[in-house]
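S.K.: Okay, predicted coordinates and the sequence, questions at the end:
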Protein chains: 2
Amino acid sequence: MRWRSCGQTRLSDCVTGGPMTSNGSASLYLQVARTLQDRIATGAHPIGSLLPTEHMLAEEFGVSRQTVRQAIGHLRGMKLLSARKGVGTRVEANRPQTSYYHTLQSLQDLFQFASDAQYRVTSAEMVSVTGKEAEELGCRPGRRWLRLVGLRELPGPLGADGPLCLTTVMIDGRYADVAATPRVHTRAIFAQIEDRFGVSITEVHQDIEATVVTAEQAALLRVEPGSPALLITRRYFGSGRTLVDLSRNLHPGGRFRYAMTVRREE
Amino acid sequence: MRWRSCGQTRLSDCVTGGPMTSNGSASLYLQVARTLQDRIATGAHPIGSLLPTEHMLAEEFGVSRQTVRQAIGHLRGMKLLSARKGVGTRVEANRPQTSYYHTLQSLQDLFQFASDAQYRVTSAEMVSVTGKEAEELGCRPGRRWLRLVGLRELPGPLGADGPLCLTTVMIDGRYADVAATPRVHTRAIFAQIEDRFGVSITEVHQDIEATVVTAEQAALLRVEPGSPALLITRRYFGSGRTLVDLSRNLHPGGRFRYAMTVRREE
DNA sequence: TAGTGGTCTAGACCACTGT
DNA sequence: CAGTGGTCTAGACCACTAA
C-alpha cells in the first residue's frame, strides 16, 4: 500500500504547534521533517517500513524534491530514517533516542594522568599464553604475546610521592617490536603500535575494579600492604575486533581516582 | 586578501589520488571537499580565517553553488568548518580530529547493576549543609538538602550474597518530596526528580576511587572489614549546571566492577 | 527494465551580519 | 547598505536495486 499516493497535504495542517516552537516561520524542510516525524511517532509509518518515495512526498507536500531530501536528511541525522540507493527510505526508530555521550578527544584521555608520565619497563619477555590467560586474551593457547611489566611515574620532583601505577601490558606477538627490550616509554603502547604498524584502534574496553595491594606490589608502589587500589584493565581492539594489546594498571587508592563526565546529546 | 579570487581550478589537478581512493569516480562535491580539506591541512586557509564565499568557490571550481555547499556541509560534519549566516565560513580545525565516544542509551546505564535493584532507604533527614559538605555540593553553607542513607540490593534469592552497595544521596531541598520519608525505591532518584519536577538532567559527573570498608560499613555490606571497595560518586546536573542530586555508592570489591566501552566515531 | 535514492545545475529570494 | 550563508525550485542524469 502506498501512503497517500494522491492528494496534497497542506503543511500548516500537519505541524503541531507546541508553545515553544514558532512553527509559523520554520523552514519548509523543517515543517516537512516535523510532519514526517509525527507520522512515524504515531505509527503511520511503522518501524522497518519504507517511506513513500521522495518524489511522492514532494508531490504530496507541494514542495520540491530537494526540500523533501533536506527533511529526510534531517531525520537521518536523528537516526530516525535510513536510505539506500535503489531501495528506498526506511524507518529505523520510533522517536529520537535521547542518548548520553562521554566524549574523548583521543584515547589518551582514558589515561587520567599527566601526558608526560613515563612507563619504565623493568621486564619484557615473549611468552606463549596458556589456559586462563589465553582465554582473557581471546586467543588459542600457545599464541605468542609480549609481556611487559613496569611502573608508570611522573618525571622529576613530581614523581617523588611514588609511582602512579604498576602496569602490566600484553602485546600481540605481531607488534612485539615496539617494546621488545625493557626501556622507558613516553608514549602509550597502543599509540606506538598505531603509528608503527598502521593499525587503527577502533574500540577500547575498560574495566575498573577495587582491590588491595599485596606486599610485593606495595613495595614497588611505596604504599602500605593492604591499602586500597584501583585495578584498571584496558583492552585495545583493532579492526575486526582483534585484540591488539591489553594493559592492567594498578593505581594506589590515595594517588588516583577516575573521573568522567557524561553529557546529554546536543 | 581573497584566495584565488579569479581564475578557475580544475579539480583533477587538486585531488591527490591515494592508492585506496578511486578518485576518478568520486562525487563532484567530495572532490571539492577533498580539495578544500587539503588546502586547510596545508595552511592555505589558516584556522580562524574565513573561506572564500560559496559563490567564489563555485566559480573557481566551475561547479554550482549547491555543490560547493554540499562539500562545505561535508566538512562541517567533520568539524573542520563552521558557517554563520551573514558572515562566512570559518576554518575551525586543521585536520579531522578522531574522537572517541562512550555511548549510553540512558543514564541508567551508568549504574551497572540489574535495573530491578532496590534502594532501601533507612534514614531520610533534612539537613543544613555546612563547610566541606557545602563545598562539595557547590552551594552556600546553610542551604537545605535531604540526605538519604540506605542499601541497594537485589530482590529475592539473588540478593542472598549481600547488598550491592551502600548508598548515600544528597537531594536539593527543592526536590526533597520525592523521598521525604524512608522507603524502598525501585527507580533511580534522579529519574524520579526528572519526572516529578520536569527537571532534565543534562550532565552527570562520575568519580571512581578505591577505598577499604570500615568496620561499620562492613557490617552493613556483610563483608570483611578492610576489604576493598569502589566508591562511586555521581553528581547530576540540570540545566544551567545546577546540581540536582549527588549520590555516593560504596561497592564491595568482590561483587562489583565497572565496565565501559569506548568506540571510535564512525 | 522500471523505479529508487544520489548528485548536479542555474537560477531565485530570504534573513542575517557588519559597516 | 551590500554581501553572506540558508532555503527553495524545476528540471536533469546517474548508479544502484529488485523483479
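M.R.: Yes, it's here. Since the structure is predicted, the reported quantities are computational estimates derived from the model, not experimental observations.
S.K.: Skipping adjacent residues, who's closest to the residue nearest to the spatial centre of chain A in space?
M.R.: When CA atoms, centre = their mean is applied to chain A, the residue found nearest the centroid is A:Glu203 (6.2 Å). Of all residues beyond its chain neighbours, the one nearest A:Glu203 is A:Phe237 (4.3 Å), with distances taken as CB to CB, 6 or more residues apart in numbering or on different chains. Yep, even glycine has a C-beta here, placed from its N, CA and C like the rest.
S.K.: Surely that neighbour is in contact with A:Gln206?
M.R.: No: under the criterion of CB atoms under 8 Å, A:Phe237 makes no contact with A:Gln206, lying 11.6 Å away.
S.K.: what's the span of stretch A:112-132, first residue to last?
M.R.: 29 Å (CA to CA, to the nearest Å).
S.K.: Quick one: list the elements packing against the helix or strand harbouring A:Leu230.
M.R.: Using DSSP states H and E, the element containing A:Leu230 is strand A:228-237. Packing partners of strand A:228-237 (3 or more CB pairs under 8 Å, 6 or more residues apart in numbering or on different chains; DSSP states H and E): strand A:203-212, strand A:243-252, strand B:203-212, strand B:228-237.
S.K.: that older thread, give me the beta-bridge partners of the residue nearest to A:Glu203?
M.R.: A:Glu203, A:Leu243 (DSSP bridges).
S.K.: B:Thr261 versus that one, what's the distance?
M.R.: Distance, A:Phe237 to B:Thr261, using CB to CB, to the nearest Å: 9 Å.
S.K.: Which one of the helices and strands packed on strand A:228-237 lies nearest to B:Leu50?
M.R.: Proximity to B:Leu50 (CB to CB) singles out strand B:203-212 among those, at 32.7 Å.
S.K.: interface residues of chain A facing DNA strand D?
M.R.: Applying CB under 7 Å from any atom of the strand, one finds that chain A approaches DNA strand D through A:27-30, A:62-67, A:70, A:84-87.
S.K.: Check what pLDDT A:Met1 gets.
M.R.: Note for A:Met1: predicted pLDDT of 35.
S.K.: same check, this time on A:Thr9
M.R.: Note on A:Thr9: pLDDT of 67.
S.K.: re the thing from before, between the strand holding A:Leu230 and strand B:203-212, how many degrees?
M.R.: With axes from the mean of the first three to the mean of the last three CA atoms, to 10 degrees applied, the angle from strand A:228-237 to strand B:203-212 works out at 120 degrees.
S.K.: that older thread, tally of neighbours for the residue nearest to A:Glu203?
M.R.: 20 (other CB atoms under 10 Å in any protein chain shown).
S.K.: ok, it to A:Leu137 distance?
M.R.: With the distance defined as CB to CB, A:Phe237 ends up 12 Å from A:Leu137.
S.K.: again, but for A:Ala188
M.R.: Distance, A:Ala188 to A:Leu137, using CB to CB: 19 Å.
S.K.: Which one's more surrounded, these two?
M.R.: More neighbours surround A:Ala188 than the other of A:Ala188 and A:Leu137, with 22 against 18 (other CB under 10 Å).
S.K.: returning to that earlier point: what about the residues of chain A next to DNA strand D, which are in helices?
M.R.: Per DSSP state H, helices hold the following members of these: A:Leu28, A:Tyr29, A:Leu30, A:Arg65, A:Gln66, A:Thr67, A:Gln70.
S.K.: biggest separation within those residues, which pair?
M.R.: A:Leu30 and A:Arg65 (16.5 Å).
S.K.: What residues does the residue nearest to A:Gly48 when sequence neighbours are not counted make contact with?
M.R.: In space, A:Gly48 comes closest to A:Val91 once its chain neighbours are excluded; the distance is 6.4 Å by CB to CB, 6+ apart. Contacts for A:Val91 (CB atoms under 8 Å, 6 or more residues apart in numbering or on different chains) come out as A:Ile40, A:His45, A:Pro46, A:Ile47, A:Gly48, A:Ser49, A:Leu50, A:Leu51, A:Leu80, A:Leu81.
S.K.: now that we're looking at A:Arg84, which residues does it contact?
M.R.: Going by CB under 8 Å, 6+ apart, A:Arg84 touches A:Arg90.
S.K.: Test of understanding: give the bridge partners of it.
M.R.: A:Gly88.
S.K.: Just the helices from the stretch 101-250 of chain A, written as ranges.
M.R.: A:131-137, A:189-197, A:215-221 (DSSP state H, counting those that start in this stretch).
S.K.: quick one: contacts of the last one?
M.R.: Read that as helix A:215-221. For helix A:215-221, the surrounding residues in contact (CB under 8 Å, 6+ apart) are A:151, A:162-163, A:165-166, A:213, A:224-227, A:229, A:250, A:252.
S.K.: again, only this time at 6 Å
M.R.: Helix A:215-221 is contacted from outside by A:Pro163, A:Leu166, A:Pro225, A:Pro252, using CB atoms under 6 Å, 6 or more residues apart in numbering or on different chains.
S.K.: Buried only: go through those for me.
M.R.: By the neighbour-count criterion of 16 or more other CB atoms under 10 Å in any protein chain shown, the contacts of helix A:215-221 include these buried positions: A:Pro163, A:Leu166, A:Pro252.
S.K.: And the pLDDT for the first one?
M.R.: In other words, A:Pro163. As summarised for this prediction, A:Pro163 has a pLDDT of 92.
S.K.: Would you confirm that it contacts A:Glu153?
M.R.: Yes: counting by CB atoms under 6 Å, A:Pro163 does reach A:Glu153; the two are 4.5 Å apart.
S.K.: what about the strands in the stretch 51-200 of chain A?
M.R.: Along the stretch 51-200 of chain A, counting by DSSP state E, counting those that start in this stretch, strands occupy A:81-84, A:88-91, A:100-104, A:118-128, A:144-153, A:165-172, A:184-185.
S.K.: Just give the nearest non-adjacent residue to A:Arg263, would you?
M.R.: The shortest distance from A:Arg263 to any non-neighbouring residue, by CB to CB, 6+ apart, is to B:Glu203 (5.0 Å).
S.K.: gap between that neighbour and B:Ala188?
M.R.: Applying CB to CB, the value for B:Glu203 to B:Ala188 is 16 Å.
S.K.: swap in A:Ala219?
M.R.: Distance, A:Ala219 to B:Ala188, using CB to CB: 42 Å.
S.K.: that older thread, any idea which of the helices of the stretch 101-250 of chain A gets closest to DNA strand C?
M.R.: Checking the helices of the stretch 101-250 of chain A against DNA strand C by CB to the nearest atom of the strand gives helix A:189-197 as the closest, at 29.5 Å.
S.K.: what comes up buried for that closest one?
M.R.: Residues of helix A:189-197 classed as buried: A:Ile189, A:Phe190, A:Ala191, A:Gln192, A:Ile193, A:Glu194 (neighbour count, 16+ other CB under 10 Å).
S.K.: ok, now stretch A:83-96?
M.R.: If you call a residue buried by 16+ other CB under 10 Å, then stretch A:83-96 has these buried ones: A:Ala83, A:Thr89, A:Val91.
S.K.: Need those residues in JSON lines (columns: distance to DNA strand C and pLDDT).
M.R.: Formatted as JSON lines, the buried residues of stretch A:83-96 follow (distance: CB to the nearest atom of the strand, whole Å; pLDDT from 0 to 100):
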{"residue": "A:Ala83", "distance to DNA strand C": "4", "pLDDT": "92"}
{"residue": "A:Thr89", "distance to DNA strand C": "4", "pLDDT": "93"}
{"residue": "A:Val91", "distance to DNA strand C": "11", "pLDDT": "94"}
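S.K.: Check those residues against chain B and report the nearest one.
M.R.: Nearest to chain B out of the buried residues of stretch A:83-96 is A:Ala83 (CB to the nearest CB; 15.4 Å).
S.K.: show me what contacts the residue lying closest to that closest one once chain neighbours are set aside?
M.R.: In space, and not counting its chain neighbours, A:Ala83 is closest to A:Thr89: 4.7 Å by CB to CB, 6+ apart. When contacts are counted by CB under 6 Å, 6+ apart, A:Thr89 touches A:Leu51, A:Ile72, A:Leu81, A:Ala83.
S.K.: let's go with 8 Å and repeat that
M.R.: By CB under 8 Å, 6+ apart, A:Thr89 lies in contact with A:Leu50, A:Leu51, A:Thr53, A:Glu54, A:Ile72, A:Leu81, A:Ser82, A:Ala83.
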